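Student: 3D model of this:
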Amino acid sequence: MSDSAREWLLLTNIAIGKYINGMPPRLFHLVLALKQRCIATETRLQKSHTLSPAEFHGLLATVDEASLSGSDFAARMGLSLSRASRVLAKLVKRGLVTLDEVPDDRRSIAVRLTNEGSALKRAVESDLTDCESQVLSTLSEPEQQQVLASVSTLISKLH
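Tutor: Predicted structure coming up:
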């Protein structure tokens, strides 16, 4: 068994309450186990679409069939404007987005997906949907709704 597989097994066992002397699982361990699984999936998708982590997240931060301001793009990524501009430069270089001047504000830019960028984003989102479907298909419909509602509630309470 590889080290990463051993680590996944340990995290999973901790998350479901094994190795904790009968104590209920801790939220931290549950989130960590889920995060590890999501990171593995994200890495696989990045490699299959030949995207760097920054390009992957940048592509997902764009909007379809419209433009997005540079500052909105940075906010969607949770990055500073200078860091977001470096991500945008990579996406432009790959031909996935264009940056257009905003006519009434020369300091602003409009970020638009190219046809190639739109196609790649659709492919990535399709793969993400397939992955989510595989995970959720292990649960009944009420369990799926409960998980989604609980995670949404927890995230909204943290803001």
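Student: where's the residue most central in space within the chain, which helix or strand?
Tutor: Nearest residue to the geometric centre of the chain (C-alpha atoms, centre = their mean): residue 57, 6.2 Å. Assessed by DSSP states H and E, residue 57 sits inside helix 53-61.
Student: Give me the contacts around the helix or strand just after that helix.
Tutor: Downstream of helix 53-61, the first helix or strand assigned by DSSP H and E is strand 68-69. With contacts defined as C-beta atoms under 8 Å, 6 or more residues apart in numbering, strand 68-69 is touched by 61, 62, 76, 102, 108, 109, 110, 111, 112. In short, each C-beta sits where N, CA and C put it, glycine included.
Student: who are the neighbours in contact with the first one?
Tutor: Right, the one you point to is residue 61. Neighbour list for residue 61: 68, 73, 76, 77 [criterion: C-beta under 8 Å, 6+ apart].
Student: Select from the contacts of strand 68-69 every entry located in helices.
Tutor: In helices, defined here by DSSP state H, the members of the contacts of strand 68-69 are 61, 76.
Student: quick one: least confident of the contacts of strand 68-69?
Tutor: Ranked by pLDDT, the contacts of strand 68-69 bottom out at residue 102 (81).
Student: what about it, distance to residue 127?
Tutor: 33 Å (C-beta to C-beta, to the nearest Å).
Student: same deal with residue 154?
Tutor: As judged by C-beta to C-beta, residue 154 and residue 127 stand 26 Å apart.
Student: Compare those two (neighbour count), which wins?
Tutor: When neighbours are counted by other C-beta atoms under 10 Å, residue 154 and residue 127 differ, and residue 127 comes out ahead with 15 against 11.
Student: so the more buried one is in which element?
Tutor: In the assignment (DSSP H and E), residue 127 maps to helix 115-136.
Student: So which elements touch that helix?
Tutor: In terms of contacts (3 or more C-beta pairs under 8 Å, 6 or more residues apart in numbering; DSSP states H and E), helix 115-136 is packed against helix 27-48, helix 53-61.
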